[in-house]
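**Student:** Generate coordinates for the sequence data below:
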Amino acid sequence: MDRKRIWGWWFFDWASQPYHTLLLTFVFSIYFAEVAKTHFIALGYSSTIAGANAQALWGYGLSITGVLIAVLAPILGAIADGSGRRMGWIWLFSGLYVLGAAGLWSLTPEQPALVQAVVLFGIGLIGTEFATIFTNALLPGLAPRDEIGRLSGSGYAFGYLGGVSALAIMLLLFAETPSGRTLAGIEPLFGLDPTLREGTRFVGPFTAIWYAVFMIPFFLWVREPRGPRRPIRLGASLRDLGSLIASLRHRRSLRNWLLSSMFSRDALNALYGFGGVYAGTVLGWPVFLAGVFGVISAISAAIISWLGGRADRAFGPRAVIAACILALTAICVLLVGMDRASVMGIPVAEGGVIGRLGVADLLFFLCGAVIGGAGGALQAASRTMMVRHTTEERATEGFGLYALSGKATAFLAPFLIAVTTDLSGNQRVGLAPLILIFLVALVLLGWVDPDGEEEARP
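**Tutor:** Numbering: from 1, shown residues only. Next up is the predicted model:
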């Protein structure tokens, strides 16, 4: 194995993870929820309805982005495999990542451009999702089949370490607490004005800079396998993709795996996307406290992803995926049944148990650790399972189809959450659809061959 090439490939996870950690889950999403809720209250809505409106707007934005990714992902994968080129696409979508992330600086507390912020966030998310397709397609050529699970798990662990490092820097040096100072007790660096929330708003440009810097090892050390470079032929690529999709009728394991992963990743991404909104509006957490929560979650994700890679090698990816889905389902049940006054119908003291943190706060910290750990291990093992259902030559097309399965219903969980929240006027009840989605994924997983398909085996 080429260790330098493997490290370069791992650096993509390190560079790209902050989009999910800082923007999707812990800092920007919570800031967006705060700003949007305040805006809706100023328009005359009650606090409860304002919070629900903020969650619904965020959910509809994620839904539209998911539809775009679902439509384009397999087409781009087929084109890339047909032409034999992948690195150029990674450059292109890296540009979208940086553009979308940097633009989030424009969401100010006064007169907030909420729709513009959702659009910019979607552009960056499209960039990171599509770049991931092409980097994942390089995985089959990195190592022998029996080492793929370990490399995938270690890659996710390295990525989560990057995410938690970026989050720690953001909290210590830039994001302001209610006192106007950072968690390190200093004013935000570079003269950022805490009264204008510039320390928190800097999370967008910071994420863009982080990605640009740490993608350098990837582009220096990772090279595409040698092979013919062919002109892009859209018609031929679409015909190949159509044949692959048609073949799913006869490929039982791959078909059920794509369906299972479609539901499990949809629900997981919704947990990531709405966790910050839940913390900011249901529990009333400020950004800095949610950031501490993020550090704990990311550390858990790094450790459990690494352990999951070892479990993958020992027991296979299907066993790891099943265990993770069960853990995430239990967390969803807890989130639906929890608020500051009660947990699963049992009254709890709302006062501080540890400092100012009440029972609900401490349980949510536990939820974050499980979501981070199980989510990381689930994604790493899912990547391994996909490798077992494709070949190195068709890897980009296969991972494009995998991305399609992850995004074909990516609108579904956010949409169901948004609609359920709208109809019930209750954010906790709005998360209930995730329980059913995870259980459907678990049932479908039972029909997946743990060793993959014969044609993908060496």
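
**Student:** Measure how buried Ala246 is and give me the count.
**Tutor:** 9 (other C-beta atoms under 10 Å). C-beta: built from backbone N, CA, C; applies to glycine.

**Student:** Toward the C-terminus, what is the element adjacent to the helix or strand harbouring Ile245?
**Tutor:** Under the criterion of DSSP states H and E, Ile245 resides in helix 234-247. Sequence order places helix 252-281 as the next helix or strand after helix 234-247, per DSSP H and E.

**Student:** Could you pull out the buried residues of that next one?
**Tutor:** Of all the residues in helix 252-281, those buried under the rule 16 or more other C-beta atoms under 10 Å are 253-281.

**Student:** repeat for stretch 215-226
**Tutor:** Across stretch 215-226, burial judged by 16+ other C-beta under 10 Å covers 215, 217-218, 221-222, 224.

**Student:** Repeat that for stretch 92-108.
**Tutor:** Buried residues in stretch 92-108 (16+ other C-beta under 10 Å): 93-94, 96-98, 100-105, 107.

**Student:** for stretch 312-327, same thing?
**Tutor:** Here stretch 312-327 shows 312-313, 316-318, 320-325, 327 as buried, counting by 16+ other C-beta under 10 Å.

**Student:** Just put the residues you listed in CSV and tack on secondary structure, distance to Pro414 and pLDDT.
**Tutor:** Output for the buried residues of stretch 312-327, formatted as CSV (DSSP: H, G, I helix; E, B strand; the rest coil; distance: C-beta to C-beta, whole Å; pLDDT from 0 to 100):
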residue, secondary structure, distance to Pro414, pLDDT
Asp312, helix, 29, 82
Arg313, helix, 34, 81
Gly316, coil, 31, 85
Pro317, helix, 26, 88
Arg318, helix, 27, 91
Val320, helix, 26, 91
Ile321, helix, 22, 93
Ala322, helix, 25, 94
Ala323, helix, 25, 93
Cys324, helix, 21, 93
Ile325, helix, 19, 95
Ala327, helix, 21, 93
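
**Student:** hmm, back to that, let me know the closest of the buried residues of stretch 215-226 to Thr421.
**Tutor:** Met215 (36.6 Å; C-beta to C-beta).

**Student:** And for that closest one, nearest residue in space, chain neighbours not counted?
**Tutor:** Ala15 (4.7 Å; C-beta to C-beta, 6 or more residues apart in numbering).

**Student:** Same check on Val203?
**Tutor:** Val27 (4.7 Å).

**Student:** What is the burial count for the one you found?
**Tutor:** The burial count for Val27: 31, using other C-beta under 10 Å.

**Student:** you'd agree it is up against Gly199?
**Tutor:** No: using C-beta atoms under 8 Å, Val27 is not in contact with Gly199; the gap is 10.4 Å.

**Student:** quick one: low-confidence parts of the stretch 251-400 of the chain?
**Tutor:** Residues of the stretch 251-400 of the chain that meet the criterion pLDDT under 70 lie in 273, 276-277, 280-282, 287-288, 349-356, 391-397, 400.

**Student:** what about the strands in it?
**Tutor:** Ranges of strands in the stretch 251-400 of the chain, per DSSP state E, counting those that start in this stretch, are 342-343, 346-347.

**Student:** The stretch 101-250 of the chain too?
**Tutor:** Using DSSP E, counting those that start in this stretch, strands in the stretch 101-250 of the chain do not occur.

**Student:** circling back to that earlier point, any common contacting residues for Val27 and Gly199?
**Tutor:** Ala175 (C-beta atoms under 8 Å, 6 or more residues apart in numbering).

**Student:** What are the buried residues along stretch 199-213?
**Tutor:** Result for stretch 199-213 [16+ other C-beta under 10 Å]: buried residues 199-212.

**Student:** before we move on, what about stretch 438-446?
**Tutor:** Residues of stretch 438-446 classed as buried by neighbour count (16+ other C-beta under 10 Å): 438-442, 444-445.

**Student:** Distance to Ala432 added to the buried residues of stretch 312-327, as a markdown table?
**Tutor:** As requested, the buried residues of stretch 312-327 are exported to a markdown table (distance: C-beta to C-beta, whole Å):
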| residue | distance to Ala432 |
| --- | --- |
| Asp312 | 31 |
| Arg313 | 36 |
| Gly316 | 32 |
| Pro317 | 28 |
| Arg318 | 27 |
| Val320 | 26 |
| Ile321 | 23 |
| Ala322 | 22 |
| Ala323 | 23 |
| Cys324 | 20 |
| Ile325 | 17 |
| Ala327 | 18 |
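
**Student:** Next up, the contacts around the residue nearest to Gly316 when sequence neighbours are not counted.
**Tutor:** Nearest residue to Gly316 in three dimensions, chain neighbours excluded: Pro450, at 4.8 Å (C-beta to C-beta, 6+ apart). Each residue near Pro450 by C-beta under 8 Å, 6+ apart is listed here: 316-319.
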